[in-house]
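Trainee: Predicted coordinates and the sequence they were generated for:
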Amino acid sequence: MFSFMVYFSATTVHLMHCLPSKDNIKADLSGNKVKQWNESSAVNPEELGTYPGGDVLFPNRVLRNGINFEKDRWPMGVIPFEFDGTLNKQDMEKVEEAMMEFHRVTCIRFRRRKPNDTDFISIGNNRPGCSSTDLGRSGGAQGINLETPACLSMRTILHELLHAIGFDHEHIRADRDLFVTIHWDNIQRGRKNIFMKQPERVLTSFGVTYDYNSLMHYSGKSLSSNGLPTMTAIKDPNIQLGPRLHAKFSKKDVEKIHLMYNCSEISTKNNSSDININ
Ligand SMILES: [Zn+2]
């Protein structure tokens, strides 16, 4: 029995470290929609994902593994990454530009994976759509998928990188009902789970107030079945939810990154002038 358990456990760990690809994960049905997406579309391309967490493949891992946020963070805010060879030079430069944005305004530091790095992000275009496999550090290899060209805007790359460092969607935070109305009848069948709130103990907002402008806020017509809004701001239904295409971090996004990674403590170690990602 004992040897079976050891074998099972090792197999599970091995499987967890295999990155999903076109071959071993059910096709993301967002594929065609992302291909058809253009700048005049009503929603952002990262909102078209059909994975359990929208554009997050394994959103419940934190819940399943118990509440241990420290474990899910990248030590000292340093994140090793690699390109898996499926993005062209121009697209890789766009990703690096987004990483530099983190370097400019936070203590997060992306750097190329070294041979002895066991935990790292692998970035490519292996699957349809825009997605991140995990919220925060999962242990081992984890993936970010950026379908060309829709997912290669600054805001979408920053959005997926924010998932990988530990952030979930703003509209599912515990206090959202004070700020947005969810129009449940307008949501596509089978997609209501993307709007389910998470308790503060699981998805903390670090005391930062609700942010309509967060890069992690879905837009008002996201996952609409009938073209009508799925979310509106309570104080004014005309407020735009979530920033559009070329946006960078909101002020509160930056504030939350600083709080999650304790940037005031580690910024002296992660030199703020260092924006080199190599
Ligand atoms: Zn997302």
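Mentor: That came through, no problem. Computed from a prediction, not measured in an experiment: that's the story for all the values here.

Trainee: for the stretch 1-150 of the chain, which spans come out with low pLDDT?
Mentor: Within the stretch 1-150 of the chain, the ranges that satisfy pLDDT under 70 run 1-31, 60-69.

Trainee: Buried ones in stretch 110-119, by neighbour count?
Mentor: Neighbour counts over stretch 110-119 (16 or more other Cβ atoms under 10 Å) mark 110-111, 113, 119 as buried. Backbone N, C-alpha and C define where each C-beta goes, glycine included.

Trainee: From those residues, pick the one nearest A247.
Mentor: Using Cβ to Cβ, F110 is the member of the buried residues of stretch 110-119 that lies nearest A247, at 19.7 Å.

Trainee: tell me the SS of the closest one?
Mentor: strand (DSSP: H, G, I helix; E, B strand; the rest coil).

Trainee: Then I257?
Mentor: Per three-state DSSP, I257 ends up helix.

Trainee: Can you name the residues that contact the residue lying closest to it once chain neighbours are set aside?
Mentor: Leaving aside its sequence neighbours, I257 sits nearest to T106 (Cβ to Cβ, 6 or more residues apart in numbering; 4.6 Å). Contacts of T106 were listed using Cβ atoms under 8 Å, 6 or more residues apart in numbering, and they are 77, 254, 257-258, 261, 263.

Trainee: In which helix or strand does the residue most central in space within the chain reside?
Mentor: Computing the C-alpha centroid of the chain and ranking residues by Cα atoms, centre = their mean puts H163 first, at 2.4 Å. Per DSSP states H and E, H163 falls inside helix 154-165.

Trainee: Just the mean pLDDT for that helix, thanks.
Mentor: Over the span of helix 154-165, the pLDDT mean works out to 95.

Trainee: quick revisit: once you drop chain neighbours, what's closest to the residue nearest to the centre of the chain?
Mentor: H163 sits nearest to S132 (Cβ to Cβ, 6+ apart), 3.7 Å away.

Trainee: looking at it, the one you found is touching G54, isn't it?
Mentor: No - look at S132 against G54 with Cβ atoms under 8 Å: they stay out of range, at 10.2 Å.

Trainee: Who has more neighbours out of those two?
Mentor: Applying other Cβ atoms under 10 Å to S132 and G54 shows that S132 carries more neighbours, namely 31 against 27.

Trainee: what about the strands in the protein?
Mentor: Taking DSSP state E, the strands of the chain run over residues 78-83, 109-112, 120-124, 130-132, 141-146, 180-182, 231-233.

Trainee: Please name whichever of those strands is nearest to Y210.
Mentor: Closest to Y210 of those, according to Cβ to Cβ: strand 180-182, at 8.1 Å.

Trainee: what packs against the closest one?
Mentor: strand 231-233 (3 or more Cβ pairs under 8 Å, 6 or more residues apart in numbering; DSSP states H and E).

Trainee: now the strand it packs on, how far from the centre of its chain.
Mentor: Its chain's average C-alpha position is 21 Å from that of strand 231-233, according to Cα atoms, centre = their mean, to the nearest Å.
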